[in-house]
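> next input, structure requested:
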Amino acid sequence: MPYHFALQQDQKERLYADLGIDANKIMVPPNMLENWQQTLDLISEIVDTPAVLIMRVHPTEIEVFASSHSQGNPYKPQDREHLGHGLYCETVMKECRELHIPNALKDANWDKNPDIKLGMIAYCGLPLHWPDNTTFGTICMLDNKERNYSQQFRSLLARFQNAIETNLITLYQQAKLQLHNQQLEVKVQQRTHELAELSAKLIREIETRTNTESSLEYHKSYDPLTGLPNRPNLINTLANMLEDINRKQKISVFYVGLRNFKSINDSYGYLIGDKILATLGQRLQHSTSNDTFIARIAGAEFVLVQANNSSHTETHKFIEQIINCCHSPFGIANLIISLHCSIGIAQAPNDGIDAAQLLQKAGAAMTISKAEGLSYSFFDQQTQSILNERYQIESYLVDALKKHELSLHYQPIIELNTRQVIGAEALLRWYNPVLGQVAPDQFIALAERNGQIIEIGNYVLHSALKQTAYWCQILQQDFKIAINISPVQMRNPRFGEHIAELLTLYQLPATALELEITEGMLLQDEHIAHHAISQLQELGVHISLDDFGTGYSSLSYLQKYSFDTLKIDRCFISKLEHSEQARELTKAMIAIGKKLKLKVIAEGVENTFQDTFICNDDCNYGQGYLYGKPVTPEQFEHDFIRRQSTPFYKTEPN
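The predicted structure is shown next:
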């Protein structure tokens with residue numbers, strides 16, 4: 001064994017040995033187990049083998065921890081077998097290597113294996129380990145007929161082995177953090193000041209670790225749902241293709257986006273949505289030639305790449321093939337579901353020879369195609385102008401936080417009965433010396449796409465909660481801060497714990513915080529949203545449904561989720577003077593909130609007519625330019641905090 005590798009192993013073993021963590025007691029959470037289940041089902045479908053298993057070892061037994069939902073599979077979760085009887089998996093774990101047996105009946109070493117009683121004579125398995133090198137179990141494929149698993153299928157199994165072991169690292173690190181927290185609690189009474197410093201440091205470490213885990217996930221090469229290459233794989237492959245391009249050849253990138261796919265997930269559930277995506281991936285593979293590279297790069301977005309000398313007619317014929325794959329009805333779980341797609345096309349060398357830029361240009365053309373209701377659209381100069389603006393904003397956004405260009409402004413929230421300022425909404429602002437003031441709707445979406453929203457979101461939470469804690473000290477009474485949350489932040493399974501840690505760090509009661517979420521966030525993943533909302537409300541944090549009334553399913557969400565506040569969108573308030581429909585809808589939304597015992601905020605109040613209207617309908621709170629524009633924390637403190645005892649009176653805005 002090379003010296004440097006032996007040294008690394010020794011350091012790793014000593015690191016994990018000092019922790020005192022029993023990996024056998026670590027539980028696998030349901031959402032992770034569900035992902036493993038989908039993985040097994042996908043392997044079973046791709047390899048066409050009746051049984052794909054994840055086995056977990058115990059001191060004297062081995063357990064079927066997860067089993068593919070495939071026809072002819074005799075293994076059920078929680079089935080157990082005593083060790084010491086020569087099982088396939090025992091050898092895999094003992095020798096820490098791949099075991100491949102095409103036919104146990106023809107192998108004297110295996111012809112008495114217990115699995116033969118179940119009809120399983122072919123086997124291919126790999127070991128699974130915790131990061132401290134203790135054995136978790138195995139991942140394996142079995143068949144009831146002689147089967148020499150190909151190198152391609154064995155490589156696929158190895159990729160999923162790596163993915164599962166990455167999950168085990170995450171679980172182990174969480175157990176490590178839990179142990180650290182217990183040690184910190186012992187020291188609370190001894191070193192209060194040191195604990196505050198350690199807590200702050202621990203939060204930063206967790207944030208860094210979360211970003212690192214996200215980065216590791218991003219750099220995996222294959223999409224586990226469809227088995228297709230993912231975005232990084234696509235970029236690498238496309239870059240290699242562009243290096244070999246000649247003058248007569250062209251490379252066409254077809255960016256396919258399914259329209260309104262979120263409504264499919266919302267109506268039928270994510271399992272149905274996932275099956276549609278997996279089926280579409282298979283259709284695209286079967287209907288295209290072997291020289292077409294296909295990748296799934298986002299939720300309902302696929303990319304196809306062709307390198308050829310196709311004529312204009314052949315290109316349009318290929319586009320029609322893609323459209324037919326998407327538009328043909330999907331028969332799943334006794335349902336017939338139809339979809340529509342939009343395609344954006346960019347071609348090298350005319351549209352560029354950089355892989356990332358070519359993909360962005362095809363994506364931009366798809367976005368425009370979708371916005372205009374077209375089936376497809378080629379990249380052109382108008383699309384280039386939109387891209388140039390996006391590139392410029394994105395290039396400056398990268399360093400905006402480091403250069404202290406981001407800041408928070410605060411807009412007062414008024415209790416309409418008392419006319420008192422009872423809180424504020426924290427609003428993110430970006431001023432760049434070159435771009436000037438950049439509107440949030442121009443850069444927030446970019447930050448969500450490039451992953452920067454996690455860092456920016458943490459900045460907003462730290463800044464707003466620290467400022468609120470300071471104002472609470474001045475006021476010596478309750479003060480509420482409302483903060484908008486990105487769907488990317490909510491997807492972090494530790495988001496609720498992170499909020500709890502921040503509230504402890506800044507010594508704020510949970511009731512001082514109200515997190516605003518939008519319907520778009522709920523559409524992305526109902527399971528994650530429901531878990532996060534429940535966890536936050538258990539802490540005492542209030543949850544507000546922002547932009548209420550603007551989405552298609554707002555009323556259904558009031559049944560599915562528990563909210564504390566409804567926030568009526570400004571588009572209704574702005575039309576109160578001139579639209580009877582807006583007045584009736586606003587009355588109805590206030591009445592709904594009251595009936596469900598929710599607080600109601602009307603945002604965008606700009607004149608006394610609007611103020612009087614919402615007051616007469618017994619709306620709880622108001623927010624808008626009539627009461628105060630978003631201002632810096634210093635100006636907010638001068639205008640509202642220091643004069644808190646003075647009621648806010650109705651006035652027209654300056």
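> from here on, contacts and neighbour counts on C-alpha atoms
OK.
> helix, strand, or coil at residue 132?
coil (DSSP: H, G, I helix; E, B strand; the rest coil).
> what's the burial count for it?
Look at residue 132: counted by other CA atoms under 10 Å, it has 19 neighbours.
> from residue 612, how far off is residue 547?
Relative to residue 612, residue 547 is positioned 21 Å away (CA to CA, to the nearest Å).
> for residue 439, what are phi and psi?
Main-chain torsions, residue 439, degrees, to the nearest 10: phi -70, psi 140.
> for residue 29, same thing?
phi -70, psi 160.
> give me the pLDDT for it.
At residue 29, the model reports a pLDDT of 92.
> roughly how far apart are it and residue 167?
In terms of CA to CA, residue 29 sits 11 Å off from residue 167.
> who has more neighbours out of the two?
residue 167 (17 against 9).
> now residue 59, what's its secondary structure?
coil.
> can you give me the distance of it to residue 81?
From residue 59 to residue 81 the distance is 12 Å (CA to CA).
> show me where the stretch 501-650 of the chain has strands.
513-517, 542-548, 565-568, 599-603, 621-623 (DSSP state E, counting those that start in this stretch).
> by contact count, what packs against the second one?
Taking 3 or more CA pairs under 8 Å, 6 or more residues apart in numbering; DSSP states H and E as contact, the helices and strands that strand 542-548 lies on are strand 513-517, helix 519-524, helix 526-539, strand 565-568.
> spatially central residue for the protein, please.
residue 491 (4.6 Å; CA atoms, centre = their mean).
> name the residue most distant from the centre of this structure?
Max radial position in the chain (CA atoms, centre = their mean) goes to residue 108, at 49.8 Å.
> A strand includes that residue, no?
No: counting by three-state DSSP, residue 108 is located in no strand; its state is coil.
> can you tell me the SS state at residue 170?
helix.
> returning to that earlier point: which one of residue 59 and residue 81 has more residues nearby?
More crowded of residue 59 and residue 81, by other CA under 10 Å: residue 81, with 15 against 8.
> give the pairing partners of the top strand by length along the chain; include direction for each.
As assigned by DSSP state E, the longest strand anywhere in the chain is strand 420-432. Strand 420-432 has the following strand partners under DSSP bridges: strand 406-415 (antiparallel), strand 436-438 (antiparallel), strand 480-484 (parallel).
> so residue 201 is in which element?
helix 192-218 (DSSP states H and E).
> what's the next secondary structure element after that helix?
helix 231-243.
> which residues touch that next one?
Applying CA atoms under 8 Å, 6 or more residues apart in numbering, the external contacts of helix 231-243 come out as 218-222, 251, 295-298, 305, 307, 348, 353-356.
> tell me the helix or strand right after that helix.
In N-to-C order, the element after helix 231-243 by DSSP H and E is strand 250-258.
> which strands or helices does that next one pack on?
Right, strand 250-258 is packed against strand 301-308, strand 341-348, helix 355-371 by 3+ CA pairs under 8 Å, 6+ apart.
> in its sheet, what does the helix or strand just after the last one sit against?
Pointing back at helix 355-371 there. Per DSSP H and E, the first helix or strand lying C-terminal to helix 355-371 is strand 376-378. Strand 376-378 has the following strand partners under DSSP bridges: strand 341-348 (parallel).
> pLDDT weak spots in the stretch 401-550 of the chain?
The model of the stretch 401-550 of the chain has pLDDT under 70 over residues 519-527, 549-550.
> which residues touch residue 273?
Shown in contact with residue 273 (CA under 8 Å, 6+ apart): 261, 264, 265.
> so which of the residues you listed are in helices?
261, 264, 265 (DSSP state H).
> looking at residue 547 and residue 612, which has the bigger crowd around it?
Shown here are residue 547 and residue 612; by other CA under 10 Å, residue 547 has more neighbours (21 against 13).
> if I read this right, residue 542 contacts residue 515, doesn't it?
Yes: counting by CA atoms under 8 Å, residue 515 is a contact partner of residue 542 at 6.4 Å.
> more crowded one of the two?
Remark: of residue 542 and residue 515, residue 542 carries more neighbours, 22 against 19, as counted by other CA under 10 Å.
> what sits closest to that one if chain neighbours are left out?
residue 514 (4.5 Å; CA to CA, 6 or more residues apart in numbering).
> that neighbour pairs with what?
In beta-bridge terms (that is, DSSP bridges), residue 514 pairs with residue 482, residue 542.
> how much space separates it from residue 543?
6 Å.
> in PyMOL, how would I select just the buried ones from the contacts of helix 231-243?
Buried subset of these, written as a PyMOL selection, criterion 16 or more other CA atoms under 10 Å:
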select buried, resi 220+221+222+251+295+296+297+305+307+348+353+354+355+356
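> burial measure for residue 417, as a count.
There are 11 residues near residue 417, going by other CA under 10 Å.
> shouldn't it be in contact with residue 622?
No: using CA under 8 Å, residue 417 and residue 622 do not qualify as a contacting pair, with a distance of 10.2 Å.
> would you format the contacts of residue 273 as TSV with pLDDT and neighbour count included?
TSV is the format used below for those (pLDDT from 0 to 100; neighbours: other CA atoms under 10 Å):
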residue	pLDDT	neighbour count
261	81	18
264	79	18
265	78	18
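> could you list the domains of this protein?
20-170, 231-379, 395-641 (automatic domain parsing).
> to residue 204, which of those lies closest?
Taking CA to CA, domain 395-641 is the member of the domains of the chain nearest to residue 204, at 9.6 Å.
> ok, residue 583 - how many residues close by?
18.
> list the residues that contact the nearest residue to it once chain neighbours are set aside.
Nearest non-adjacent residue to residue 583, counting by CA to CA, 6+ apart: residue 576, 5.3 Å away. Residue 576 sits next to 582, 583, 610 when contact means CA under 8 Å, 6+ apart.
> who's in contact with the second one?
For residue 583, the contacting residues are 572, 575, 576, by CA under 8 Å, 6+ apart.
> the first one is in contact with residue 582, isn't it?
What it means is residue 572. Yes: in this structure, residue 572 is within contact of residue 582 by CA under 8 Å, at 5.4 Å.
> higher neighbour count, the two?
residue 572 (22 against 17).
> show me the shaky parts of the stretch 1-150 of the chain.
Counting by pLDDT under 70, the ranges of the stretch 1-150 of the chain that qualify are 1-20.
> and the helices in it, which stretches?
Assigned by DSSP state H, counting those that start in this stretch, the helices in the stretch 1-150 of the chain fall at 3-17, 30-47, 88-95.
> buried ones in the helix or strand harbouring residue 393?
Using DSSP H and E, residue 393 falls within helix 381-397. By 16+ other CA under 10 Å, the buried positions in helix 381-397 come out as 383, 387, 393, 394, 397.
> on that earlier part again, closest one to residue 207 among the domains of the chain?
Closest to residue 207 of the domains of the chain, according to CA to CA: domain 395-641, at 8.3 Å.
> and the closest one, end to end?
Domain 395-641 end-to-end distance (CA to CA) = 37 Å.
> what's the first-to-last distance across stretch 516-536?
12 Å.
> do the same with stretch 408-421
First-to-last residue span, stretch 408-421, CA to CA: 18 Å.
> mind listing what's buried in that stretch?
Buried residues in stretch 408-421 (16+ other CA under 10 Å): 408, 409, 410, 411, 412, 413, 414, 415, 416, 419, 420, 421.
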